[in-house]
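Asks: Just a sequence and a predicted model for now, questions to come.
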Amino acid sequence: MSGGVAIRCSAGTAQRADHGTIFLDEVGETSPAMQLRLLRVLQEGEVRRVGGAATRRVDVRVIAATNADLEAEVAAGRFRRDLYYRLNVFPIQLPPLRERAEDVPVLAEHFLRQACRHARRAVPSVGPEALRLLRAYPWPGNVRELENELERAVALADDGRPLGPAQLSERISTGAAPSPAVRTLNEAVEALKRRMIEDALRECGSKTRAAEQLGLTRQSLQQMLRRRHG
(Lines give C-alpha, C1' and ligand atoms only; values in the text may rest on other atoms or scores of the structure.)
Protein backbone atom coordinates (compact mmCIF):
# COMPACT_ATOMS: atom_id res chain seq x y z
CA MET A 1 0.00 0.00 0.00
CA SER A 2 1.40 3.37 -0.87
CA GLY A 3 0.57 7.03 -1.00
CA GLY A 4 1.61 9.89 -3.17
CA VAL A 5 4.29 11.77 -1.24
CA ALA A 6 7.28 10.47 0.67
CA ILE A 7 7.42 11.22 4.40
CA ARG A 8 10.23 13.54 5.51
CA CYS A 9 12.33 11.63 7.98
CA SER A 10 13.96 14.38 10.03
CA ALA A 11 16.29 13.93 12.96
CA GLY A 12 13.45 14.96 15.25
CA THR A 13 11.22 12.30 13.74
CA ALA A 14 13.85 9.62 14.28
CA GLN A 15 14.38 10.73 17.89
CA ARG A 16 10.67 10.63 18.65
CA ALA A 17 10.53 7.12 17.19
CA ASP A 18 13.46 5.89 19.30
CA HIS A 19 12.77 2.27 20.31
CA GLY A 20 9.77 2.35 17.99
CA THR A 21 8.87 2.21 14.29
CA ILE A 22 9.00 4.72 11.42
CA PHE A 23 6.84 4.09 8.34
CA LEU A 24 8.15 5.66 5.13
CA ASP A 25 5.57 5.86 2.35
CA GLU A 26 6.83 6.03 -1.26
CA VAL A 27 10.45 5.74 -0.20
CA GLY A 28 11.39 5.53 -3.88
CA GLU A 29 10.58 9.22 -4.25
CA THR A 30 12.98 10.45 -1.58
CA SER A 31 15.71 12.88 -2.60
CA PRO A 32 19.40 11.85 -2.69
CA ALA A 33 20.04 13.94 0.43
CA MET A 34 17.20 12.26 2.29
CA GLN A 35 18.40 8.84 1.17
CA LEU A 36 21.81 9.58 2.66
CA ARG A 37 20.29 10.70 5.97
CA LEU A 38 18.13 7.61 6.15
CA LEU A 39 21.12 5.40 5.38
CA ARG A 40 23.00 7.00 8.28
CA VAL A 41 20.17 6.14 10.66
CA LEU A 42 20.03 2.54 9.46
CA GLN A 43 23.77 2.00 9.18
CA GLU A 44 25.15 3.86 12.18
CA GLY A 45 22.09 4.29 14.37
CA GLU A 46 22.81 8.00 14.67
CA VAL A 47 21.02 11.24 13.84
CA ARG A 48 22.16 14.85 13.80
CA ARG A 49 19.86 17.84 13.74
CA VAL A 50 20.23 20.29 10.86
CA GLY A 51 22.82 22.91 11.79
CA GLY A 52 24.00 20.94 14.80
CA ALA A 53 27.27 19.13 15.41
CA ALA A 54 26.24 16.64 18.08
CA THR A 55 24.91 13.23 17.13
CA ARG A 56 22.45 11.12 19.05
CA ARG A 57 22.04 7.38 19.08
CA VAL A 58 18.62 6.06 18.07
CA ASP A 59 17.18 2.58 17.78
CA VAL A 60 14.32 2.51 15.29
CA ARG A 61 12.68 -0.05 13.07
CA VAL A 62 11.94 1.18 9.55
CA ILE A 63 9.08 -0.06 7.40
CA ALA A 64 9.10 1.34 3.87
CA ALA A 65 6.57 1.13 1.04
CA THR A 66 6.76 2.03 -2.62
CA ASN A 67 5.05 1.54 -5.95
CA ALA A 68 8.35 2.01 -7.75
CA ASP A 69 10.62 -0.74 -9.02
CA LEU A 70 13.54 0.03 -6.73
CA GLU A 71 15.89 -2.34 -8.55
CA ALA A 72 15.27 -0.35 -11.73
CA GLU A 73 15.72 2.91 -9.80
CA VAL A 74 19.06 1.65 -8.48
CA ALA A 75 20.17 0.66 -11.98
CA ALA A 76 19.19 4.13 -13.24
CA GLY A 77 21.18 5.81 -10.47
CA ARG A 78 18.14 7.41 -8.84
CA PHE A 79 18.17 5.31 -5.67
CA ARG A 80 21.18 4.40 -3.56
CA ARG A 81 22.22 0.78 -3.89
CA ASP A 82 23.47 0.60 -0.28
CA LEU A 83 20.16 1.97 1.03
CA TYR A 84 18.21 -0.44 -1.15
CA TYR A 85 19.96 -3.43 0.43
CA ARG A 86 19.53 -1.98 3.90
CA LEU A 87 15.78 -1.69 3.37
CA ASN A 88 15.30 -4.91 1.42
CA VAL A 89 15.83 -7.23 4.40
CA PHE A 90 12.31 -8.64 4.60
CA PRO A 91 10.38 -7.66 1.46
CA ILE A 92 6.62 -8.19 1.28
CA GLN A 93 4.90 -8.12 -2.09
CA LEU A 94 1.33 -6.89 -1.69
CA PRO A 95 -0.96 -8.01 -4.53
CA PRO A 96 -3.01 -5.30 -6.27
CA LEU A 97 -6.48 -4.70 -4.87
CA ARG A 98 -8.13 -6.27 -7.92
CA GLU A 99 -6.65 -9.61 -6.85
CA ARG A 100 -8.02 -9.45 -3.32
CA ALA A 101 -11.63 -8.37 -3.61
CA GLU A 102 -12.30 -9.92 -0.21
CA ASP A 103 -10.33 -7.04 1.34
CA VAL A 104 -12.52 -4.35 -0.24
CA PRO A 105 -15.33 -4.39 2.41
CA VAL A 106 -12.86 -4.09 5.30
CA LEU A 107 -10.84 -1.34 3.63
CA ALA A 108 -14.01 0.47 2.56
CA GLU A 109 -15.29 0.46 6.14
CA HIS A 110 -11.97 1.84 7.39
CA PHE A 111 -11.79 4.63 4.81
CA LEU A 112 -15.47 5.42 5.31
CA ARG A 113 -14.97 5.96 9.03
CA GLN A 114 -11.83 7.98 8.38
CA ALA A 115 -13.58 10.26 5.87
CA CYS A 116 -16.56 10.74 8.18
CA ARG A 117 -14.29 11.61 11.08
CA HIS A 118 -12.54 14.28 9.01
CA ALA A 119 -15.87 15.61 7.73
CA ARG A 120 -17.45 15.36 11.20
CA ARG A 121 -20.36 13.38 9.86
CA ALA A 122 -22.20 10.30 11.08
CA VAL A 123 -20.86 7.10 9.55
CA PRO A 124 -23.33 5.64 7.03
CA SER A 125 -23.48 1.98 6.14
CA VAL A 126 -22.58 0.75 2.67
CA GLY A 127 -25.63 -0.63 0.88
CA PRO A 128 -25.43 -4.12 -0.65
CA GLU A 129 -25.51 -2.87 -4.25
CA ALA A 130 -22.78 -0.29 -3.61
CA LEU A 131 -20.68 -2.96 -1.93
CA ARG A 132 -21.17 -5.31 -4.89
CA LEU A 133 -20.00 -2.59 -7.28
CA LEU A 134 -16.97 -1.78 -5.13
CA ARG A 135 -15.95 -5.44 -5.06
CA ALA A 136 -16.42 -5.84 -8.81
CA TYR A 137 -14.41 -2.78 -9.83
CA PRO A 138 -10.77 -3.55 -10.87
CA TRP A 139 -9.21 -0.61 -8.95
CA PRO A 140 -6.35 0.37 -11.26
CA GLY A 141 -5.34 2.98 -8.67
CA ASN A 142 -5.27 0.34 -5.92
CA VAL A 143 -5.97 1.25 -2.29
CA ARG A 144 -5.45 4.98 -2.80
CA GLU A 145 -8.21 5.04 -5.40
CA LEU A 146 -10.56 3.25 -3.01
CA GLU A 147 -9.74 5.76 -0.27
CA ASN A 148 -10.48 8.67 -2.60
CA GLU A 149 -13.72 7.04 -3.72
CA LEU A 150 -14.99 6.67 -0.16
CA GLU A 151 -14.05 10.28 0.67
CA ARG A 152 -16.01 11.40 -2.37
CA ALA A 153 -18.99 9.19 -1.47
CA VAL A 154 -19.12 10.68 2.02
CA ALA A 155 -19.29 14.18 0.52
CA LEU A 156 -22.33 13.14 -1.52
CA ALA A 157 -24.03 11.00 1.12
CA ASP A 158 -27.34 11.87 2.73
CA ASP A 159 -27.12 11.73 6.52
CA GLY A 160 -28.65 8.58 7.93
CA ARG A 161 -28.98 6.78 4.60
CA PRO A 162 -26.76 3.92 3.36
CA LEU A 163 -24.38 4.61 0.51
CA GLY A 164 -25.75 3.47 -2.82
CA PRO A 165 -24.70 3.49 -6.49
CA ALA A 166 -25.74 7.16 -6.75
CA GLN A 167 -22.87 8.17 -4.46
CA LEU A 168 -20.27 6.22 -6.45
CA SER A 169 -18.28 7.46 -9.43
CA GLU A 170 -19.76 6.73 -12.82
CA ARG A 171 -16.89 4.45 -13.78
CA ILE A 172 -17.75 2.26 -10.78
CA SER A 173 -21.54 2.44 -10.84
CA THR A 174 -21.55 1.49 -14.53
CA GLY A 175 -18.87 -1.16 -14.25
CA ALA A 176 -16.43 1.09 -16.14
CA ALA A 177 -18.23 0.32 -19.39
CA PRO A 178 -17.20 2.56 -22.29
CA SER A 179 -19.51 5.48 -22.88
CA PRO A 180 -21.71 5.28 -25.97
CA ALA A 181 -20.95 7.60 -28.84
CA VAL A 182 -22.41 11.06 -28.24
CA ARG A 183 -24.83 12.54 -30.76
CA THR A 184 -24.83 16.24 -29.98
CA LEU A 185 -22.35 18.92 -28.96
CA ASN A 186 -24.09 19.34 -25.61
CA GLU A 187 -23.74 15.62 -24.90
CA ALA A 188 -20.06 15.75 -25.82
CA VAL A 189 -19.48 18.73 -23.51
CA GLU A 190 -21.32 17.07 -20.62
CA ALA A 191 -19.37 13.84 -21.12
CA LEU A 192 -16.10 15.80 -21.06
CA LYS A 193 -17.15 17.65 -17.90
CA ARG A 194 -17.99 14.39 -16.16
CA ARG A 195 -14.68 12.84 -17.15
CA MET A 196 -12.67 15.86 -16.01
CA ILE A 197 -14.48 15.99 -12.67
CA GLU A 198 -14.00 12.25 -12.11
CA ASP A 199 -10.30 12.51 -12.95
CA ALA A 200 -9.78 15.54 -10.70
CA LEU A 201 -11.55 13.91 -7.75
CA ARG A 202 -9.56 10.73 -8.19
CA GLU A 203 -6.21 12.51 -8.49
CA CYS A 204 -6.74 15.16 -5.81
CA GLY A 205 -8.59 13.11 -3.23
CA SER A 206 -10.81 15.98 -2.04
CA LYS A 207 -13.41 18.30 -3.50
CA THR A 208 -11.52 21.41 -2.42
CA ARG A 209 -8.32 20.46 -4.26
CA ALA A 210 -10.30 19.11 -7.24
CA ALA A 211 -12.19 22.41 -7.53
CA GLU A 212 -8.91 24.34 -7.50
CA GLN A 213 -7.50 22.12 -10.23
CA LEU A 214 -10.62 22.59 -12.36
CA GLY A 215 -10.74 26.36 -11.82
CA LEU A 216 -14.06 26.16 -9.96
CA THR A 217 -15.23 27.18 -6.54
CA ARG A 218 -15.92 24.34 -4.14
CA GLN A 219 -19.60 25.33 -4.10
CA SER A 220 -19.83 25.17 -7.91
CA LEU A 221 -18.28 21.72 -7.97
CA GLN A 222 -20.64 20.54 -5.24
CA GLN A 223 -23.64 21.82 -7.22
CA MET A 224 -22.44 20.03 -10.38
CA LEU A 225 -22.04 16.78 -8.47
CA ARG A 226 -25.48 17.04 -6.89
CA ARG A 227 -27.13 17.79 -10.26
CA ARG A 228 -25.51 14.73 -11.73
CA HIS A 229 -26.74 12.48 -8.94
CA GLY A 230 -30.19 13.98 -8.86
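Replies: Arrived safely.
Asks: Run through the chain and note the low-pLDDT ranges.
Replies: 1-18, 46-56, 58, 175-183, 185, 188, 228-230 (pLDDT under 70).
Asks: Have a look at it and report its longest helix.
Replies: Longest helix in the chain, counting residues (DSSP state H): helix 185-204.
Asks: name the helices or strands packed onto it?
Replies: Applying 3 or more Cβ pairs under 8 Å, 6 or more residues apart in numbering; DSSP states H and E, we find helix 185-204 packed against helix 142-156, helix 170-173, helix 207-214, helix 218-228. The C-beta positions use only the backbone N, C-alpha and C, and glycine is treated the same way.
Asks: Tabulate the ones you listed (CSV), appending mean neighbour count.
Replies: Below are these laid out as CSV (neighbours: other Cβ atoms under 10 Å):
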stretch, mean neighbour count
helix 142-156, 21
helix 170-173, 18
helix 207-214, 18
helix 218-228, 14
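Asks: I'd like those helices laid out as TSV, including distance to G20.
Replies: Below are the helices and strands packed on helix 185-204 laid out as TSV (distance: least, Cβ to Cβ, whole Å):
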stretch	distance to G20
helix 142-156	24
helix 170-173	38
helix 207-214	32
helix 218-228	38
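Asks: sorry, back to before: ok, and what's touching the longest helix of the chain?
Replies: Here helix 185-204 makes contact (Cβ atoms under 8 Å, 6 or more residues apart in numbering) with 141, 145, 148-149, 152, 169-171, 179, 182, 207, 210, 212-214, 221, 224-225, 228.
Asks: got the buried residues for that helix?
Replies: Residues 194, 197-198, 200-202, 204 are the ones in helix 185-204 that count as buried (16 or more other Cβ atoms under 10 Å).
Asks: Looking at those, which one is closest to L94?
Replies: Among the buried residues of helix 185-204, R202 lies closest to L94 (Cβ to Cβ), at 20.5 Å.
Asks: Would you mind measuring from that closest one to D59?
Replies: Distance of R202 to D59, computed by Cβ to Cβ, to the nearest Å: 40 Å.
Asks: cool, D199 as well?
Replies: 44 Å.
Asks: residue contacts, the residue lying closest to Y137 once chain neighbours are set aside?
Replies: Spatial nearest neighbour of Y137, excluding adjacent residues (Cβ to Cβ, 6 or more residues apart in numbering): I172 at 4.9 Å. Contact analysis of I172 by Cβ under 8 Å, 6+ apart lists 133-134, 137, 149.
Asks: can you redo those residues as a markdown table with secondary structure?
Replies: As requested, the contacts of I172 are exported to a markdown table (DSSP: H, G, I helix; E, B strand; the rest coil):
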| residue | secondary structure |
| --- | --- |
| L133 | helix |
| L134 | helix |
| Y137 | coil |
| E149 | helix |
